[in-house]
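Enquirer: The amino acid sequence is not available; the structure is as follows:
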């Protein structure tokens, strides 16, 4: 049973470009969460999605950031016009509906903005 | 804002020693999770505790959830170099928000 998949594992973008991060949840999981981890900081919640719905985006910056989880295909976290402060590790986690608090994480995408 | 404070931040011990890592908060959590993270990888779920006073064992690891569901501890017996890693506690705030709040972690090094 494949775990949570994220790609790319590493992404380098110049300031002003767009970054697209993809996440395929574990088979059978319908809940997807995105977290950001800055150096020397803990993981911070960004957004929680179910298929075609954003449930909670309280941790996501209101500008330049967006997320989706379409009916078909992976969840996408999109960062427009990236700035150096966006450099971080972005992790996706998934859970099933019965035990949403048991979240399984992917390997992460390390975004570097130059 | 619920916060989880982990202590110690860093811990370096010799193989065979025992250790305890703490996770504390002033807030109540519906559940609490412990993860272990290796450099360059995502956190791996070790255990979930949901009942106040609950104790769970995973081989040499013992996890306890405080009676008031505000704190937790992780105890490792006879630590091995393979236990080296970053240990994170995470909690689901009471109210069922389903977003986890993470501590900053305890970086454990077990020297052979």
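Expert: Nice, I can see it. Bear in mind that the values here come from a model prediction, so they are computed numbers and not experimental data.

Enquirer: For the rest of this, base every contact and every neighbour count on C-alpha atoms.
Expert: Noted.

Enquirer: So which residues on chain B come close to chain A?
Expert: B:31, B:33, B:40-45, B:48, B:92, B:98-105 (CA under 8 Å from any CA of the partner chain).

Enquirer: Buried ones among those residues?
Expert: B:31, B:33, B:41-45, B:48, B:92, B:98-105 (16 or more other CA atoms under 10 Å in any protein chain shown).

Enquirer: How about the contacts made by the closest residue to residue A:28 other than its chain neighbours?
Expert: In space, and not counting its chain neighbours, residue A:28 is closest to residue A:96: 6.8 Å by CA to CA, 6 or more residues apart in numbering or on different chains. For residue A:96, the contacting residues are A:28, A:29, A:30, A:31, by CA atoms under 8 Å, 6 or more residues apart in numbering or on different chains.

Enquirer: Next, work out how far apart the third one and residue B:14 are.
Expert: Which is residue A:30. Applying CA to CA, to the nearest Å, the value for residue A:30 to residue B:14 is 43 Å.

Enquirer: how about the strands in chain A?
Expert: Taking DSSP state E as the criterion, chain A contains strands spanning A:5-7, A:10-13, A:19-24, A:31-37, A:43-50, A:53-56, A:65-68, A:75-79, A:88-95, A:104-105, A:109-113.

Enquirer: any chance of the ones you listed in TSV, with mean neighbour count, mean pLDDT and distance to residue B:22 too?
Expert: Shown next, in TSV, are the strands of chain A (neighbours: other CA atoms under 10 Å in any protein chain shown; pLDDT from 0 to 100; distance: least, CA to CA, whole Å):
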stretch	mean neighbour count	mean pLDDT	distance to residue B:22
strand A:5-7	19	97	31
strand A:10-13	14	98	33
strand A:19-24	22	98	32
strand A:31-37	24	96	21
strand A:43-50	23	95	18
strand A:53-56	15	94	29
strand A:65-68	19	98	34
strand A:75-79	21	98	33
strand A:88-95	26	96	24
strand A:104-105	25	96	22
strand A:109-113	21	97	29
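
Enquirer: Including distance to chain B, could those go into a markdown table?
Expert: Formatted as a markdown table, the strands of chain A follow (distance: least, CA to the nearest CA, whole Å):
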| stretch | distance to chain B |
| --- | --- |
| strand A:5-7 | 10 |
| strand A:10-13 | 10 |
| strand A:19-24 | 13 |
| strand A:31-37 | 8 |
| strand A:43-50 | 6 |
| strand A:53-56 | 8 |
| strand A:65-68 | 16 |
| strand A:75-79 | 17 |
| strand A:88-95 | 7 |
| strand A:104-105 | 6 |
| strand A:109-113 | 9 |
